[in-house]
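# Sequence plus predicted model, see below.
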Amino acid sequence: MSYLLATLANDADYMPAHLFALEGELVASETAEREQWGLGYFADDRALVIKKPGELLAQRSAYELASQVKSRVVVACAQENGNRDAVPPYRFRRWLFGTSGDLSALGAMRQRIVDRLPDFVRSDLSRDGTGDLAFAMFLAELFRSGKLDDPLVTNEDLARGLETTAKTIESLATESGDTVDAAYVATNGRGVMVVTSGVPVSYRVVEGLERLPEGAPDPAMTDFKRVVAALKRFRAVVIAAHVPEGRPGWTRIEPGRTVFVDRTLEVSTYGG
């Protein structure tokens, strides 16, 4: 099974309502044994994660994990893996990193990759993950190019870093006679970027919300007008894997192209 969702919104207070509205549209694929779910978000300028076994979720969706989360950025992932710590998204400082697809080819090259990582990145790796290896390679790429801690780093710089990471992973897999079909999402809380190498990924812009998770706003509410106005003003960009091709409102991302959504919800495309 595979599930990947990343979204950046203009109003953190209505993120739960936004994810609730997506429940029927973005459904996880078939249930898998030892299914694990992970969710990343930001609170007080800190990157945080929630991880749970699928069997503990009443509904297999991002909303089920984030029904109380108020964050402008959310990344949700699910995969078949017995180790809860190995499921994405992964966290490092202000960064969150999510993956979808098959990264097992990296396992055979693990030591070769680890040996080339900066010490401060290597120390955060799990013992049996492969998605976190991709994250480590992304962080190392930003570090080597002087962009990891650069306060003036541009959106394009970050997008190029993710693109280079995806291409490096493809090259390593090819050298070993294998292939990697995966998608990668990275966010520092100020923007969200995605690149795909074989996994179908799409995005769409959400303009306004019609209801709260508990239903349409009640006119008897003291702040009814404020809530209705906030729902109308709500905007978000959603990125998701495995959206059926041709679904109205969704734009398919070309393989090798990196899409970057900035804090103003402007969508830019780089590379390819």
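Great, that's in hand. Numbers count the residues shown, from 1 in each chain.

# Next, give phi and psi for the residue lying farthest from the centre of the chain.
In the chain, counting by Cα atoms, centre = their mean, residue 220 sits farthest out from the average C-alpha position, at 37.6 Å. Dihedral pair for residue 220: phi -80, psi -10, per degrees, to the nearest 10.

# again with the one 3 residues further on
For residue 223, the backbone dihedrals are phi -110, psi 30 (criterion: degrees, to the nearest 10).

# again, but for residue 59
phi -130, psi 130.

# again, but for residue 130
According to degrees, to the nearest 10, residue 130 has phi -120, psi -30.

# Would you mind listing where the protein has pLDDT under the threshold?
1, 26-33, 81-85, 126-128, 272 (pLDDT under 70).

# quick one: the strands in this structure?
2-9, 35-43, 46-53, 73-80, 90-92, 95-102, 181-187, 192-197, 201-207, 235-241, 251-252, 257-261, 267-271 (DSSP state E).

# My read is that residue 97 contacts residue 88, right?
Yes - counting by Cβ atoms under 8 Å, residue 97 does reach residue 88; the two are 6.6 Å apart. Where you see a C-beta, it was placed from the backbone N, CA and C, and this is true even at glycine.

# and for those two, which residues touch both?
131-132, 135 (Cβ atoms under 8 Å, 6 or more residues apart in numbering).

# May I see those residues arranged in CSV, with neighbour count and distance to residue 181 as well?
As requested, those are exported to CSV (neighbours: other Cβ atoms under 10 Å; distance: Cβ to Cβ, whole Å):
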residue, neighbour count, distance to residue 181
131, 26, 13
132, 26, 18
135, 26, 18
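
# Make a markdown table out of these and add distance to residue 67.
Shown next, in a markdown table, are the shared contacts of residue 97 and residue 88 (distance: Cβ to Cβ, whole Å):
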| residue | distance to residue 67 |
| --- | --- |
| 131 | 25 |
| 132 | 27 |
| 135 | 26 |
